[in-house]
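> predicted model, plus sequence, below.
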Amino acid sequence: MGSIEKVGVIGGGLMGSGITEVAARAGLDVIVIEISDDAAKAAAGRIEGSLRRAESRGKIEAGEVTAVLERIRFETDLQTLADRDLVVEAASEDETIKLELFRNLGRILTKDDAILASNTSSIPIVKLGAVSGRAHHVMGVHFFNPAPVMQLVELIPSLTTSTETLDRMRGWVTADLGKKPIDATDRAGFVVNSLLVPYLLSAIRMYEAGYASAEDIDRGMVLGCGHPMGPLALSDLIGLDTIKAIGESMYDEFKEPLYSPPPLLGRMVDAGLLGKKSGQGFYGYES
Ligand code: 3HC
């Protein structure tokens, strides 16, 4: 089994930049694909900001920030990923976009055993494998936000993923990245979002129905249940568009009303109130 040294990450958004930081901190050479130079600049700023925070808290050695940043390159052309051992796709949670990416990446990667992984939260891995033409080497690798801090990674093989691919990704996640994996089945939501998303949607329904203020709903779960943050603040952190997309995929798969996004969530997304990343969600954020 070849070692994983050259990594590609598709998308430098919240999750993509977090995954890039984690991989570069593990000493790997990372190419990030973004759609424009401006988007690449924003992603680079996010990664540097997070590294500086880690440095100020003593999580990485003083002076290591520059070395980590030097291991990261930004590109806009998918062809630059040809020599990668692993590509982790972290584009928007949109099935059409992801299918197109996997179709192209399947043709572009030149190494026979190169792995194509998706950080999707809810889109069927088996479909991504099928369009790639290299289904044995395709699986889900689901990180949690903020990726440099959260220890968990869900590993999701599909019906067509080989045991060798799963073993290599388990080794990468544990030995190289120092994360803790759990195994999940290729069903929308996997383990964590199947439990978390209905909870977040219930909090939004509760707020929409006027049961309590956003602050009191969040304080209830922080002070009453010991959660690090309340459900509305966590929804803002994840991104309201992402939660809506995950809820819709889970609803499509299981037809359970508890996965159906409430009207307020849809209206907020339509209004561009996406949470922390847009500066306004259930709470306001300074840029
Ligand atoms: N690199 C490394 N460590 C970092 C860091 C960085 N860039 N930034 C912060 N840290 C460390 C800090 O040093 C601190 O470590 P310590 O406890 O050992 O001192 C720890 O992370 C917490 O950092 P802060 O003190 O800055 O921040 P808070 O205490 O306010 O915690 C939080 C922030 C980690 C976001 C916490 O509120 C939390 O855990 N919230 C819940 C997040 C969560 O549930 N995420 C999952 C979302 S679901 C998801 O992503 C799936 C998707 O599909 C939707």
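Done, it's in.
> alpha carbons only for contacts and neighbour counts from here, please
Will do.
> list the buried residues for stretch 83-100?
If you call a residue buried by 16 or more other C-alpha atoms under 10 Å, then stretch 83-100 has these buried ones: 84-93, 95, 98-99.
> what are the ranges of the strands in the stretch 51-200 of the chain?
With DSSP state E, counting those that start in this stretch as the criterion, the stretch 51-200 of the chain has strands at 72-75, 86-89, 115-118, 138-143, 152-157, 180-183.
> what's the most buried one of these?
Neighbour counts (mean count of other C-alpha atoms under 10 Å) averaged over each of the strands of the stretch 51-200 of the chain peak at strand 138-143, with a mean of 29.
> against which helices or strands is that strand packed?
Other elements packing on strand 138-143 under the criterion 3 or more C-alpha pairs under 8 Å, 6 or more residues apart in numbering; DSSP states H and E are strand 115-118, helix 125-132, strand 152-157, helix 163-171.
> recalculate using a threshold of 7 Å.
The contact analysis (3 or more C-alpha pairs under 7 Å, 6 or more residues apart in numbering; DSSP states H and E) places strand 138-143 against strand 115-118, helix 125-132, strand 152-157.
> between those, which one is closest to the ligand.
Checking these against the ligand by C-alpha to the nearest ligand atom gives strand 152-157 as the closest, at 9.1 Å.
> sheet partners, orientation included, of the closest one?
Strand 152-157 pairs in its sheet with strand 138-143 (antiparallel), strand 180-183 (parallel), by DSSP bridges.
> the strand or helix carrying residue 18 and the ligand in contact?
Residue 18 belongs to helix 14-25 when assigned by DSSP states H and E. No: contact of helix 14-25 with the ligand (C-alpha under 6 Å from any ligand atom) is absent, the minimum separation being 7.9 Å.
> helix or strand right after that helix?
Where DSSP H and E defines the elements, the next helix or strand beyond helix 14-25 is strand 29-33.
> neighbouring contacts of that following strand?
Here strand 29-33 makes contact (C-alpha atoms under 7 Å, 6 or more residues apart in numbering) with 5-12, 20, 24, 71-78.
> quick one: residues contacting the residue in the stretch 151-287 of the chain positioned nearest to the ligand.
Nearest residue of the stretch 151-287 of the chain to the ligand (C-alpha to the nearest ligand atom) works out as residue 228 at 4.7 Å. Residues near residue 228 by C-alpha under 7 Å, 6+ apart: residue 222.
> check for me that it belongs to a strand.
No: the assignment for residue 228, made by DSSP: H, G, I helix; E, B strand; the rest coil, is coil rather than a strand.
> mind checking the SS state of residue 45?
The local conformation at residue 45, judged by three-state DSSP, is helix.
> pLDDT score for it?
The model reports residue 45 with a pLDDT of 96.
> next, count neighbours for it.
Neighbours of residue 45 under the rule other C-alpha atoms under 10 Å: 13.
> distance of it from the ligand?
12 Å (C-alpha to the nearest ligand atom, to the nearest Å).
> again with residue 67
Computed as C-alpha to the nearest ligand atom, the residue 67 to the ligand distance reads 15 Å.
> for residue 16, same thing?
According to C-alpha to the nearest ligand atom, residue 16 and the ligand sit 12 Å apart.
> in a markdown table: the strands of the stretch 51-200 of the chain, plus distance to the ligand and mean pLDDT.
Shown next, in a markdown table, are the strands of the stretch 51-200 of the chain (distance: least, C-alpha to the nearest ligand atom, whole Å; pLDDT from 0 to 100):
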| stretch | distance to the ligand | mean pLDDT |
| --- | --- | --- |
| strand 72-75 | 16 | 97 |
| strand 86-89 | 13 | 98 |
| strand 115-118 | 11 | 98 |
| strand 138-143 | 7 | 98 |
| strand 152-157 | 9 | 98 |
| strand 180-183 | 14 | 98 |
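> great, nothing more from me.
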